[in-house]
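*Asks:* Predicted model and sequence follow; I will ask about them next.
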Amino acid sequence: MKVLFIFPPKNNWALRNIKLHKKIDEESGFYPPLGILYVASYLKKELPSCEVKIIDAPSEKLDYIDIKTQISNFAPDVVGIYFCTEYLYDALQTAKVVKQLNSKIFTVAGGPHVFIYPFETIKEPEIDFVIYGEAEIVFTKLIECLKIGKFPDDIIGVITKNNIDKDHKIQYVEKLDGLTFPNRTLLNYKKYKSFITYKNPITTMMTSRGCAYNCYYCNSIERAKKVRFHSPEYVVKEIESIVKLGIKDIIFFDENFTFDIDRVEAICDLLIEKKLNIRWHCRSRADMKLDKRILRKMKEAGCRMIQFGIETATPHLQKLINKHLDLEQVKKVIKLCKDVGILTYGNFMLGLPTETPKEMLNTINFAIKLNLDYAPFGVFNPLPKSVFYEKAIKEGIINKDYWLEYVKNPDKPISNYWWPLHNKEMLNRMNYLAFRKFYFRVNYILKAIFRRQSLTQKFWQAKSVVRLFLS
């Protein structure tokens, strides 16, 4: 059986009126489609007779004619398509291309969109099956079923047009070490690059799944869930397989890599012992137990940068978003990172519910005072199924479920994406001001020039800044 996985083009963003963030996304590089890699690799291990291929349209810069040609040449029996709500139009267009070529090809939808809108997705005429949850094991069971000509209505985690009325529950993989390493050779792995790493090519990794926190702006399947871990030994063996490919820069995509400090230390000890000589980035919260001792060990093990979700410098807004960061602790942990030579990256949002322009300016100035190495600023938009979105609809602050309307008609992008009580023009001005104030400072520019990074990266960053803000 031939199984094709497609990561669709990213041409038609649901919020396409946020032009600044679309440009930043285009300039920031390409990450491998890690979710697809996990599923394809597990399938290939469990069912070695299957012929597996991945099309990553964004990194290969493929249009729908190119995709159609590749599908035709490969002649798959099953096509798995990554579905993301923000690029739903492109996912559905990809499914249409498949069915236009051959209506007998089974189409399978997976990804974050189907966690939120599973039943809307299965009702699409071009979709045969929906994988409801983490897909490695469930998708493999689906292929086993299709290979013997059996219909998969009874597989837990597979939604079909026949079993839509059943009680479906999102599926999770409990024992992560039972999964296969993502086989990065299924892709043109040398093409992946990131704006912020030391050097390219890069790759990404997940060493855990789940997030114990429940920030009210988030709609991830991971939020407010038990954190599941790969063992330190598994993590380091996967890193060794990456190093053999000649890749030295890795970005950990865990929601919170530092959630278990003892595990972090065990991973670092193994990396130091094996002298793998890699550079890595990770995500953390500023209220984790990151003292100077553990940060020094992370640095010794190759940690180059830590990304912190700070979001706002206003204490009452920290409570409102259910993040509850102590801003004094934020200052301390950023300083500790700098003291040991680890770069810092802080995420911020502007336009949170009830936030005033003065509070937005305070957040911008806070980011500057922290002396972060990178600080992206996003305009807050309520995500579907997030606490903020659901509450606003219930209270009449948002007068219609515009995300659901978009899901039913993705030809029409969302125009009113910001918090309804804010002014769109003010938010756009504030967003541009944030980037200009943070990045166009003499001190910051000098720091960026002397930052340890390949010359290729520095030139890329300089050109991107010109294209984004000076054109």
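*Replies:* Cool, got the structure. Numbers count the residues shown, from 1 in each chain.
*Asks:* Tell me who's in contact with the closest residue to residue 227 other than its chain neighbours.
*Replies:* Nearest residue to residue 227, sequence neighbours excluded (CB to CB, 6 or more residues apart in numbering): residue 210, at 4.1 Å. For every residue, glycine as well, the C-beta is placed using N, CA and C. Neighbour list for residue 210: 222, 225, 226, 227, 228, 255 [criterion: CB atoms under 8 Å, 6 or more residues apart in numbering].
*Asks:* Relative to residue 107, how far out is residue 210?
*Replies:* 29 Å (CB to CB, to the nearest Å).
*Asks:* With residue 301 instead?
*Replies:* Going from residue 301 to residue 107 by CB to CB gives 43 Å.
*Asks:* Now rank the contacts of residue 210 by neighbours and give me the top one.
*Replies:* Counting by other CB atoms under 10 Å, residue 255 has the largest number of neighbours within the contacts of residue 210, with 22 neighbours.
*Asks:* Please look at it and residue 220 and confirm they touch.
*Replies:* Yes - counting by CB atoms under 8 Å, residue 255 touches residue 220, with 7.4 Å between them.
*Asks:* which residues are in contact with both of these two?
*Replies:* The contact sets of residue 255 and residue 220 overlap at residue 211 (CB under 8 Å, 6+ apart).
*Asks:* quick one: residue 161 from residue 240, how far?
*Replies:* The value you get for residue 161 to residue 240, if CB to CB is used, is 44 Å.
*Asks:* Also residue 57?
*Replies:* Taking CB to CB as the measure, residue 57 falls 30 Å from residue 240.
*Asks:* From the neighbour counts alone, determine which of those two ranks first.
*Replies:* The neighbour comparison of residue 57 against residue 240 (other CB under 10 Å) goes to residue 57, with 22 against 15.
*Asks:* Just list the residues touching the more buried one, thanks.
*Replies:* Taking CB under 8 Å, 6+ apart as the contact definition, residue 57 lies against 6, 7, 8, 9, 10, 66, 67, 94.
*Asks:* Mind giving me the packing neighbours of the helix ranked longest in the chain?
*Replies:* Within the chain, and with DSSP state H defining each element, the longest helix by residue count is helix 424-439. Packing partners of helix 424-439 (3 or more CB pairs under 8 Å, 6 or more residues apart in numbering; DSSP states H and E): helix 19-27, strand 343-350, helix 357-370, strand 377-379.
*Asks:* and stretch 414-434, which residues are buried?
*Replies:* For stretch 414-434, burial by neighbour count (16 or more other CB atoms under 10 Å) applies to 414, 417, 418, 419, 422, 427, 428, 430, 431, 434.
*Asks:* meant to ask about stretch 328-335
*Replies:* 330, 333, 334.
*Asks:* For the last one, give me its contacts.
*Replies:* I take that to be residue 334. By CB under 8 Å, 6+ apart, residue 334 lies in contact with 286, 308, 344, 346, 370, 371, 372.
*Asks:* Any figure for the gap between the closest residue to the fifth one other than its chain neighbours and residue 380?
*Replies:* When you say that, I think you mean residue 370. Closest residue in space to residue 370, ignoring its immediate chain neighbours: residue 334 at 5.0 Å, by CB to CB, 6+ apart. Residue 334 sits 22 Å away from residue 380, going by CB to CB.
*Asks:* Next: residue 400.
*Replies:* 19 Å.
*Asks:* Any stretches of the stretch 1-150 of the chain with poor pLDDT?
*Replies:* Across the stretch 1-150 of the chain, the ranges flagged by pLDDT under 70 are 17-22.
*Asks:* Break the chain into its domains for me.
*Replies:* Following automatic domain parsing, one gets these domains for the chain: 2-160, 192-381+417-470.
*Asks:* Now do the contacts for the closest residue to residue 199 other than its chain neighbours.
*Replies:* Leaving aside its sequence neighbours, residue 199 sits nearest to residue 454 (CB to CB, 6+ apart; 4.4 Å). Residues in contact with residue 454 (CB under 8 Å, 6+ apart) are 198, 199, 200.
*Asks:* which of the residues you listed lies closest to residue 365?
*Replies:* Nearest to residue 365 among the contacts of residue 454, counting by CB to CB, is residue 198 at 29.1 Å.
*Asks:* Residue 249 is in contact with the closest one, correct?
*Replies:* Yes - between residue 198 and residue 249 there is a contact under CB under 8 Å: 5.7 Å.
*Asks:* what about residue 334, distance to residue 347?
*Replies:* Look at residue 334 and residue 347: by CB to CB, they are 13 Å apart.
*Asks:* any shared contact partners between those two?
*Replies:* Contact with both residue 334 and residue 347 is made by residues residue 308, according to CB under 8 Å, 6+ apart.
*Asks:* ok so, going back, so if I had to pick from residue 198 and residue 249, which one is more boxed in?
*Replies:* More crowded of residue 198 and residue 249, by other CB under 10 Å: residue 249, with 24 against 18.
*Asks:* So what pairs up with the more buried one in the strands?
*Replies:* Assessed by DSSP bridges, residue 249 has beta-bridge partners residue 202, residue 279.
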